[in-house]
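> when you get a sec, could you give me coordinates for this:
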Amino acid sequence: MPPTLLSADQVQARLHELKGWSFQGSAISKKVELKDFVRAMGFVNSVALLAEGMDHHPDIDIRWNRVVLTLSTHSAGGVTENDFKLAKAIDGL
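Purely as a prediction, here's the structure:
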């Protein structure tokens with residue numbers, strides 16, 4: 001059974017729990033700027049380890065020192081509790 005889809009109102013109400021995340025369409029997203037490409041890749045590798053451990057994988061866009069993370073639960077068709085759990089873990093890096 002897929003996780004329960006959160007409504008747009010529920011997502012908006014919970015965004016205050018996160019640092020720098022926004023709600024766009026059917027996902028939550030965060031842009032992170034790092035000092036350089038090597039640090040951006042290190043950050044992405046840390047995110048990958050978290051995501052793999054949670055079996056919940058973000059979409060990741062890397063542009064030199066900028067990383068954009070996009071979270072949604074594809075099996076549910078939008079944002080679920082799993083996305084908030086991973087976002088909180090990423091904020092802890």
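
> can you tell me the centre-most residue of the chain?
Nearest residue to the geometric centre of the chain (C-alpha atoms, centre = their mean): Leu71, 4.1 Å.

> distance of it relative to Val38?
Going from Leu71 to Val38 by C-beta to C-beta, to the nearest Å gives 24 Å. From N, CA and C alone the C-beta is placed, and that goes for glycine too.

> for the protein, what spans make up the strands?
Counting by DSSP state E, one finds strands in the chain at the ranges 22-24, 27-33, 59-63, 66-71.

> what residues does the third one touch?
The contact list for strand 59-63 (C-beta atoms under 8 Å, 6 or more residues apart in numbering) reads 27, 40-41, 44, 47, 67-71.

> quick check: the two most widely separated of those?
Ala27 and Met41 (22.6 Å; C-beta to C-beta).

> neighbour count: these two, which is higher?
The neighbour comparison of Ala27 against Met41 (other C-beta atoms under 10 Å) goes to Ala27, with 20 against 14.

> touching, the more buried one and Ser72? I think so.
Yes - contact criterion C-beta atoms under 8 Å: Ala27 and Ser72 qualify, at 3.8 Å.

> now stretch 46-54: buried residues?
Buried residues in stretch 46-54, counted by 16 or more other C-beta atoms under 10 Å: 47, 50-51.

> ugh, wrong one, stretch 77-93
Quick answer for stretch 77-93 (16+ other C-beta under 10 Å): 78-80, 82-84, 86-87, 89-90.

> which pLDDT does the model give Met1?
What the model reports for Met1 is a pLDDT of 72.

> check contacts around Leu71.
Shown in contact with Leu71 (C-beta under 8 Å, 6+ apart): 27-29, 56, 58-59, 79, 83, 86-87.

> what residues do Ala27 and Ser72 have in common as contacts?
Shared contacts of Ala27 and Ser72 (C-beta under 8 Å, 6+ apart): 78-79, 83.

> now the helices for this protein?
All helices of the chain, identified by DSSP state H, fall at 8-14, 37-54, 81-91.

> excluding residues flanking it in the chain, which one is nearest the residue nearest to the centre of the chain?
Counting by C-beta to C-beta, 6 or more residues apart in numbering, Leu71 lies nearest to Asp83, which is 4.1 Å off, once chain neighbours are set aside.
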